[in-house]
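K.L.:
need coordinates for the below:
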Amino acid sequence: MKFILFDLDGTLIKSGRAGARALDYAILHMTGKADVCSKIDLHGTTDKVNFANAYREAAGMEPSEEHIKEITYRYLARLPHEIEWSVKNGLYSKINGIEEFLKTLSERKDVLVGMGTGNVERGAFIKLGPAGLGRYFPYGGYGEDAHDRAKMLKIGVQRGCFLADLKPDDVEVYIIGDTHKDINAAKAAGYHSAVVTSGFGDPEKIKEAGPEFMQTDFTSIKAWFGWLGLE
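P.N.:
Got it, this is the predicted structure:
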């Protein structure tokens with residue numbers, strides 16, 4: 001059985017900075033500081049790390065667990081509004097070819113598709129809502145599972161094994177993302193790695209990380225199947 005775990009932002013969809021705006025909103029209401037996300041790198045890290053970095057940047061101090069809980073609450077409350085705004089303003093999009101690719105994979109009995117994203121689970125499905133892609137992801141590893149992305153991916157695989165009633169040794173895991181951090185996490189976890197280059201990743205850093213496979217997007221299912229070892 002092949003488990004294929006997808007990153008979200010820049011890999012499945014682009015939300016037009018809806019997540020950044022929602023986090024800015026949360027931090028503004030807690031600290032009075034605006035536009036904090038323009039000062040930190042949000043891509044390829046978990047929400048837990050992003051929330052902590054944003055608070056640290058705005059407040060000049062380490063966030064407590066209660067601070068992170070409040071940020072998460074305010075962020076999730078604001079996110080649907082920001083997603084709706086992105087959609088209305090033409091800033092929300094699916095990565096080319098992703099829906100047909102997911103549909104094709106979901107019809108196979110030798111593949112189980114999941115998510116491996118730094119987004120907290122509820123936030124991930126809010127972001128996927130307008131694209132209608134949430135139905136393809138019955139399990140995953142999410143931003144609330146761990147600060148470390150490799151550990152997060154392993155937790156996602158454990159959930160997939162439970163769902164499919166399999167042992168980890170029975171599974172071959174493939175990680176698809178859009179940044180060098182996705183590649184590094186996949187390698188640290190002992191998984192295969194690939195990237196789409198139309199996301200948010202830095203081309204030089206992606207090259208240095210050395211993914212097994214790169215494509216601009218998902219329009220060539222044949223090419224992706226070649227990497228996955230599927231016929």
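K.L.:
domain parsing for this structure?
P.N.:
Domain ranges of the chain: 2-15+93-228, 18-88, per automatic domain parsing.
K.L.:
kindly list the longest helix within this structure.
P.N.:
helix 65-88 (DSSP state H).
K.L.:
thinking again about what came up before, with mean neighbour count and mean pLDDT as added columns, please give the domains of the chain in CSV.
P.N.:
C-beta: built from backbone N, CA, C; applies to glycine. Below are these laid out as CSV (neighbours: other C-beta atoms under 10 Å; pLDDT from 0 to 100):
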stretch, mean neighbour count, mean pLDDT
domain 2-15+93-228, 19, 97
domain 18-88, 18, 95
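K.L.:
do a quick rundown of the helices in this structure.
P.N.:
Using DSSP H, the helices of the chain run over 18-31, 47-59, 65-88, 98-106, 121-128, 149-164, 180-189, 203-209, 221-228.
K.L.:
tell me which of these lies nearest to Phe137.
P.N.:
helix 121-128 (7.8 Å; C-beta to C-beta).
K.L.:
show me what that closest one is packed up against.
P.N.:
Contact here means 3 or more C-beta pairs under 8 Å, 6 or more residues apart in numbering; DSSP states H and E; on that basis helix 121-128 packs against helix 18-31, helix 65-88.
K.L.:
in TSV: those, plus distance to Ile95.
P.N.:
Shown next, in TSV, are those (distance: least, C-beta to C-beta, whole Å):
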stretch	distance to Ile95
helix 18-31	16
helix 65-88	15
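K.L.:
right, I'll leave it there.
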